[in-house]
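# Here is the input, now give the coordinates:
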Amino acid sequence: MRLFVAIEAPREWRESAEGVQRSLSGRFGDAIRPVAPENMHITLRFIGEVDDLDTPRLKAALARHLPPVEVELRLDGVGTFGPADRTSSAWLSIAGDLDGLQELHQRANEAVEDALGVPFAEQRYTPHVTLARVRNRASTAERRALAEYVGGIEVPSPEPFIAREASLIRSHLGGSGPHYETVATFA
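Okay, here's the model as predicted:
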């Protein structure tokens with residue numbers, strides 16, 4: 001099964017995100033594929049394919065390593081990944097207790113390595129909530145325009161959110177987009 005560890009976005013964040021998505025869809029239409037609001041989250045660690053037999057060991061390691069979970073976070077702005085002419089997604093940036101969030105990211109990495117023996121290839125952790133993915137058929141000009149456009153979007157700022165749990169989530173891939181299933185939560 002395909003798994004990742006994340007903090008699920010609260011309802012108020014999803015509502016703010018939907019407003020930004022409407023703006024992006026109105027401007028970029030078929031060049032982007034918005035993320036379903038119920039799938040919005042902050043990834044702590046993408047794991048990938050895990051054998052069903054390894055899942056109990058992974059859950060136990062996450063239960064040992066992740067808690068306690070308590071970080072105050074807020075939405076900060078809109079950005080894109082990659083160089084403007086190759087941007088692959090639009091996302092909401094996260095502010096607040098970034099040190100605490102970084103620590104949760106590290107603890108999730110340690111749990112995965114402990115349970116599955118899969119070390120994390122160190123890279124810069126950029127906490128975010130994905131709004132939309134750029135479709136493969138989008139032109140270089142559309143990608144560049146999207147990267148420029150997002151800088152002018154003002155995000156309605158809901159109250160800060162105190163994340164008190166992280167989830168192990170299973171991703172079911174399909175033609176109409178992924179469907180996520182919470183496998184376990186850790187507080």
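# Pull up the distance across stretch 35-54, start to finish.
The straight-line separation of the ends of stretch 35-54 (C-alpha to C-alpha, to the nearest Å) is 29 Å.
# Oh, that last question was meant for stretch 49-63, not what I typed.
So stretch 49-63: terminal residues 20 Å apart, C-alpha to C-alpha.
# Pull out the buried positions in it.
50, 55, 58-59, 61-62 (16 or more other C-beta atoms under 10 Å). To be clear about C-beta, it is placed using only N, CA and C from the backbone, and glycine gets the same treatment.
# Next: stretch 89-100.
Buried residues in stretch 89-100, counted by 16+ other C-beta under 10 Å: 89-92, 94, 96-97.
# Give me the contacts around it.
13, 16-17, 20, 24, 32, 42, 70-81, 101, 126-134, 146, 150, 155, 160 (C-beta atoms under 8 Å, 6 or more residues apart in numbering).
# Could I get the contacting residues of the closest residue to residue 70 other than its chain neighbours?
The shortest distance from residue 70 to any residue other than its chain neighbours is 5.6 Å, reached at residue 164 (C-beta to C-beta, 6 or more residues apart in numbering). Shown in contact with residue 164 (C-beta under 8 Å, 6+ apart): 69-70, 187.
# could you flag which of those residues are buried?
Of those, these count as buried by 16+ other C-beta under 10 Å: residue 69.
# Among the contacts of residue 164, name the ones in helices.
If you go by DSSP state H, the contacts of residue 164 have nothing in helices.
# Nearest to residue 173 among the contacts of residue 164?
Taking C-beta to C-beta as the measure, residue 173 lies nearest residue 69 of the contacts of residue 164, at 27.1 Å.
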